[in-house]
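Q: Sequence first, predicted coordinates after that:
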Amino acid sequence: MANYPVVVPALKVDQQLGTYYVVVLPAHLLLETCYSDKLRAVPEADGVSYKLDGTQRGLDQERLSSIARYISRADSAFPNSIILAANFSEEDGTIEEDLSKRWCVEQDASGMYSLTIPTSAKLAAVIDGQHRLFSFALVDKNIPRLDTQLICSLFLDLPKPFQAQLFATINSTQKPVPKSLTYELFGYNISEEDADHWSPDKLAVFLSRKLNAEEDSPLKDRIIIAPENDFLIGVSKDEDKGKKPKKWKLSMATIVEGILRLISSNPKRDTSELLTPKPKPRGELIKSTRSDKSLLREMYIECNDQIIYLIVKNYLTAVDRIFWDKAKPESFIIKTVGIQALLDILRKLCGDAVNAKDISVEYFVNRLAGAKDVDFGSTIFQNASGSGRTKIRKCIEIHIGILSFDDLKPDDDLHSLKQ
């Protein structure tokens, strides 16, 4: 078993889909920390060997055994990479927000990158290479192969639909994978289906792409497929340098998760219901026995996607006017924690906006105006974690009248912001 935290060198790769990292990890560590949607390795009582649990693509037992026999050979080699998507909970497929568990990549002063894996929590989904990896669990424990080093291409915070896209593309050029299985495994259909069949995560990705593409969007060309690590947010393209201040960026995962929380409290459960026993339109979710109090849930079920989009876009346009337009590069309001906090605030405001039948930019500007003079570059907000996000959210809530300083605990350092 590995000794955590594990820190290994990483090579950064920028391609059209986004940024990923090439790392070398031993088979035993991957068995401990990785899973597929249908397959995982479970440690045996001896603490050395593993057994397999679950199935993947109609698990081919003979294929696993064949690969295990090959691994046992003295001349075995795996020069091709295993593709991973880290920081997703095995239980419900959502992004892991606990920084003490999240896989992260850091860059040192010399420009070199390193990957840190804090714990053995299963947070890395295997996009491609499931049989190759999990075959190591079937190798005779008397044949030492668990220390075999394996090349991995690692994506951090890659949204589920993009995982599906990558999986389907890879497998369509090798062994064909039925579209229905891709849809089942990832909740995402590789072919175009009617919008009324879109699962919550697919709608969230669609709206995020739209925010990144439309000329009047405050997030035009700002959303990238990249980790949520703050050191990657705020970067600019080379052509921006020397011409204007650096154009800050945010990760696709950040905006997708923000939108998802408006329409579903359990996206994976919704996807399952939409596919069982066969694909059905999302309007059928009205019959679900599961209670979901997400503020824009009814709009999602009724396919009022344009209204959802206008609410998000108009709110972010107001945010741009109040906060982003004047933000200095060191301000935390344009970093991951700040943007996450602002999306939290949207959840607080959108219900009132819908009830008031006013989702205009001006409505949101007026609601946010009380916080326009807060200095989010202050060191009080510098904790790039859940607590930093909470501080920013609470600070805004106080200044716009949702909270008061009296609601804070006596030792809360936000008291120092009192005028």
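A: Arrived safely.
Q: Would you confirm that Glu284 belongs to a helix?
A: Yes: using DSSP: H, G, I helix; E, B strand; the rest coil, the assignment for Glu284 is a helix.
Q: all helices for the chain, in order.
A: Along the chain, the segments classed as helices by DSSP state H run 27-33, 61-72, 130-134, 160-172, 179-186, 200-213, 252-263, 267-275, 297-301, 305-322, 336-355, 361-368, 386-399.
Q: Tell me where the model's unsure across the stretch 151-300 of the chain.
A: 168-169, 171-193, 226-246 (pLDDT under 70).
Q: sorry, back to before: just so I know, which of the helices of the chain lies nearest Glu90?
A: helix 27-33 (10.0 Å; Cβ to Cβ). Where you see a C-beta, it was placed from the backbone N, CA and C, and this is true even at glycine.
Q: contact partners of that closest one?
A: Helix 27-33 has contacts (Cβ atoms under 8 Å, 6 or more residues apart in numbering) with 1-2, 6, 41, 43, 50, 82, 117, 120-124, 133-134, 136-137, 145-150, 152.
Q: Look up how far Ile143 lies from the residue sitting furthest away from the middle of the chain.
A: Computed with Cα atoms, centre = their mean, the residue of the chain farthest from its C-alpha average is Ala74, at 39.5 Å. According to Cβ to Cβ, to the nearest Å, Ala74 and Ile143 sit 10 Å apart.
Q: Ala369 contacts Phe323, doesn't it?
A: No: with contact defined as Cβ atoms under 8 Å, Ala369 does not reach Phe323; the gap is 10.7 Å.
Q: if we can go back for a sec, out of the helices of the chain, which comes closest to Leu408?
A: Per Cβ to Cβ, nearest to Leu408 of the helices of the chain: helix 386-399, 7.3 Å.
Q: Find out how far the closest one is from the centre of the chain, if you would.
A: Computed by Cα atoms, centre = their mean, to the nearest Å, the separation of helix 386-399 from the middle of its chain amounts to 21 Å.
Q: Just the CA trace of that helix, in CSV.
A: Taking C-alpha atoms only, helix 386-399 is exported to CSV below (Å, rounded to 0.1, in the frame of the first residue of the first chain):
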residue,chain,number,x,y,z
GLY,A,386,-13.9,25.9,1.1
SER,A,387,-13.3,28.4,4.0
GLY,A,388,-12.2,31.1,1.7
ARG,A,389,-15.3,30.5,-0.5
THR,A,390,-17.5,30.7,2.6
LYS,A,391,-15.9,33.9,3.8
ILE,A,392,-16.5,35.6,0.5
ARG,A,393,-20.1,34.4,0.3
LYS,A,394,-20.8,35.5,3.9
CYS,A,395,-19.2,38.9,3.3
ILE,A,396,-21.4,39.5,0.2
GLU,A,397,-24.5,38.2,2.1
ILE,A,398,-23.8,40.7,4.9
HIS,A,399,-23.4,43.6,2.5
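Q: who's in contact with the closest residue in space to Leu346 that isn't next to it in sequence?
A: Leaving aside its sequence neighbours, Leu346 sits nearest to Tyr315 (Cβ to Cβ, 6 or more residues apart in numbering; 5.1 Å). Going by Cβ under 8 Å, 6+ apart, Tyr315 touches 346, 349-350, 364.
Q: neighbour-wise, which of those residues leads?
A: In terms of neighbours by other Cβ atoms under 10 Å, the contacts of Tyr315 top out with Phe364 at 25 neighbours.
Q: Quick check: that residue touching Cys350?
A: No: using Cβ under 8 Å, Phe364 makes no contact with Cys350, being 9.1 Å away.
Q: and this protein, what are its domains?
A: As assigned by automatic domain parsing, the chain contains the domains 6-158, 193-417.
Q: possible to save those domains as CSV with distance to Ile170?
A: Supplementary listing: the domains of the chain in CSV, determined by distance: least, Cβ to Cβ, whole Å:
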stretch, distance to Ile170
domain 6-158, 5
domain 193-417, 16
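Q: Between the ones you listed, which one is closest to Phe167.
A: Smallest distance to Phe167 across the domains of the chain (Cβ to Cβ): 5.2 Å, for domain 6-158.
Q: Report the distance from that closest one to the chain centre.
A: That offset, for domain 6-158, works out to 18 Å (Cα atoms, centre = their mean).
Q: could I get the helices of the chain as CSV with distance to Asp412?
A: As requested, the helices of the chain are exported to CSV (distance: least, Cβ to Cβ, whole Å):
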stretch, distance to Asp412
helix 27-33, 36
helix 61-72, 54
helix 130-134, 46
helix 160-172, 36
helix 179-186, 41
helix 200-213, 33
helix 252-263, 25
helix 267-275, 33
helix 297-301, 32
helix 305-322, 24
helix 336-355, 16
helix 361-368, 22
helix 386-399, 8
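Q: Is there a neighbour count for the closest residue to Phe364 other than its chain neighbours? I'd like the number.
A: Counting by Cβ to Cβ, 6+ apart, Ala318 is the residue found nearest to Phe364 once chain neighbours are left out, at 3.5 Å. By other Cβ under 10 Å, the residues close to Ala318 number 23.
Q: Am I right that Ala318 is in contact with Ile359?
A: No: look at Ala318 against Ile359 with Cβ under 8 Å: they stay out of range, at 10.5 Å.
Q: Extract the CA atoms of stretch 307-318 and return them as PDB.
A: Below are the C-alpha coordinates for stretch 307-318, written out as PDB (Å, rounded to 0.1, in the frame of the first residue of the first chain):
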ATOM      1  CA  ILE A 307     -35.000  31.200 -19.100                       C
ATOM      2  CA  ILE A 308     -32.400  29.400 -17.000                       C
ATOM      3  CA  TYR A 309     -29.700  30.700 -19.300                       C
ATOM      4  CA  LEU A 310     -31.000  34.300 -19.100                       C
ATOM      5  CA  ILE A 311     -31.100  34.100 -15.300                       C
ATOM      6  CA  VAL A 312     -27.500  32.900 -15.200                       C
ATOM      7  CA  LYS A 313     -26.200  35.300 -17.900                       C
ATOM      8  CA  ASN A 314     -28.000  38.300 -16.500                       C
ATOM      9  CA  TYR A 315     -26.700  37.600 -13.000                       C
ATOM     10  CA  LEU A 316     -23.200  37.200 -14.200                       C
ATOM     11  CA  THR A 317     -23.500  40.400 -16.300                       C
ATOM     12  CA  ALA A 318     -24.500  42.200 -13.000                       C
END
